[in-house]
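Peer 1: pasted the sequence and its predicted model underneath.
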Amino acid sequence: MDLGTWLSPVENRDGRLYKREDLAALPVGVNGSKLRACEHLIGHAARAGAKRVISAASVLSPQSAMAAVLAQRHGLGCTVVVGGTKPSTAIRHPSIRMAVDHGASLEFAAVGYNPALQSYARKLAALDPDAYWLQYGITTPPAAGREELRAFHDVAARQTANLPGSVRTLVVPFGSGNTAAGVLMGLTQRATADRPERIVLVGIGPDRRVWLADRFAAMGLRLPAYEHLDLHGSGYATYGDKMPGTADGIRLHPTYEGKVVRYLNERQPEWWTRRDGTTCLWIVGGPIS
């Protein structure tokens with residue numbers, strides 16, 4: 001599978017549509033929009049001469065597994081930073097176990113808070129001129145310019161190409177914001193009459209709306225209108241909560257879409273309960289298998 005070009009299907013299941021980015025997968029079990037983004041970044045780094053990938057993220061995040069799998073795919077070494085844990089405990093998490101299975105070495109920060117993890121990764125990267133630091137959330141480096149940002153978000157933007165014109169409500173999980181930014185960028189490239197009337201970003205972590213506005217400004221693009229449901233800020237669920245589940249037979253990621261679907265099933269907005277092919281859930285990715 002060419003992760004950069006393959007269009008994942010939009011499936012109609014009992015009148016509700018699902019954009020199946022979880023099917024953008026490698027045989028080892030990693031998948032989704034973040035995998036595509038990671039391939040874009042690590043592939044570019046490998047072509048630029050990097051010899052090693054450094055990644056730091058929560059043990060719950062698929063970033064560690066993706067970094068290791070794709071580093072190995074491109075012939076690079078990989079170092080994964082985790083914190084507030086020890087080897088025997090860290091390896092119980094699927095993402096960390098997969099990272100180690102694909103050749104990653106582990107570095108342990110004293111605490112697991114993200115600022116501490118990123119500080120540790122920054123120090124490692126500063127000591128190795130041949131290292132590529134994969135930023136938290138699988139995103140571009142802070143100094144990335146307009147064209148680099150647009151190229152990165154175009155990976156997700158291209159996936160809007162087969163979104164049916166019948167979709168009036170598009171629901172997108174909103175965590176780091178990178179996939180959502182790409183989806184919104186792709187929608188701006190469609191004719192106005194062919195865009196969903198309602199775009200709903202469902203926040204599953206700290207509020208990223210300011211970041212999203214800043215990112216579109218940096219790309220020189222107009223941010224389209226959207227609605228925001230804040231699961232994190234409202235106290236419904238924190239990022240670390242897990243809500244396993246399925247939607248019309250599709251197994252959902254417990255940290256991401258699992259929360260979104262449970263929330264919508266409980267709140268029952270009319271556009272979610274309406275099964276006439278006009279509402280689509282963008283599945284960013286599925287569980288590591």
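Peer 2: Cool, the structure landed. Numbering: from 1, shown residues only.
Peer 1: helices and strands of this protein: which one has the lowest mean pLDDT?
Peer 2: helix 87-90 (a mean of 91; mean pLDDT, DSSP states H and E).
Peer 1: for the helix or strand following that one, name the packing helices and strands.
Peer 2: Remark: after helix 87-90, the chain's next helix or strand is helix 94-101, criterion DSSP states H and E. Helices and strands touching helix 94-101, by 3 or more C-beta pairs under 8 Å, 6 or more residues apart in numbering; DSSP states H and E, are helix 63-73, strand 77-83, strand 105-109. Just so you know, the C-beta spots here come from the backbone N, C-alpha and C atoms, and that holds for glycine as well.
Peer 1: helices of the stretch 101-250 of the chain, start to end?
Peer 2: According to DSSP state H, counting those that start in this stretch, the stretch 101-250 of the chain carries its helices in the segments 114-127, 146-157, 178-188, 209-219.
Peer 1: most tightly packed of these?
Peer 2: Of all the helices of the stretch 101-250 of the chain, helix 178-188 has the most neighbours on average by mean count of other C-beta atoms under 10 Å, namely a mean of 24.
Peer 1: coming back round to it: buried ones in the least confident helix or strand of the chain?
Peer 2: For helix 87-90, burial by neighbour count (16 or more other C-beta atoms under 10 Å) applies to Ala90.
Peer 1: determine how far that helix lies from the middle of the whole chain.
Peer 2: Computed by C-alpha atoms, centre = their mean, to the nearest Å, the separation of helix 87-90 from the middle of its chain amounts to 25 Å.
Peer 1: CA atoms only: put stretch 105-116 into PDB for me.
Peer 2: Written as PDB, here are the backbone C-alpha positions of stretch 105-116 (Å, rounded to 0.1, in the frame of the first residue of the first chain):
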ATOM      1  CA  SER A 105      15.600   1.400  22.100                       C
ATOM      2  CA  LEU A 106      13.900   3.000  25.100                       C
ATOM      3  CA  GLU A 107      15.000   6.000  27.100                       C
ATOM      4  CA  PHE A 108      13.300   6.800  30.400                       C
ATOM      5  CA  ALA A 109      12.500  10.300  31.600                       C
ATOM      6  CA  ALA A 110      11.900  10.700  35.400                       C
ATOM      7  CA  VAL A 111       8.300  11.800  34.900                       C
ATOM      8  CA  GLY A 112       5.700  11.100  32.300                       C
ATOM      9  CA  TYR A 113       4.400  14.700  31.800                       C
ATOM     10  CA  ASN A 114       4.700  15.700  28.100                       C
ATOM     11  CA  PRO A 115       6.900  18.800  28.700                       C
ATOM     12  CA  ALA A 116       9.400  16.600  30.500                       C
END
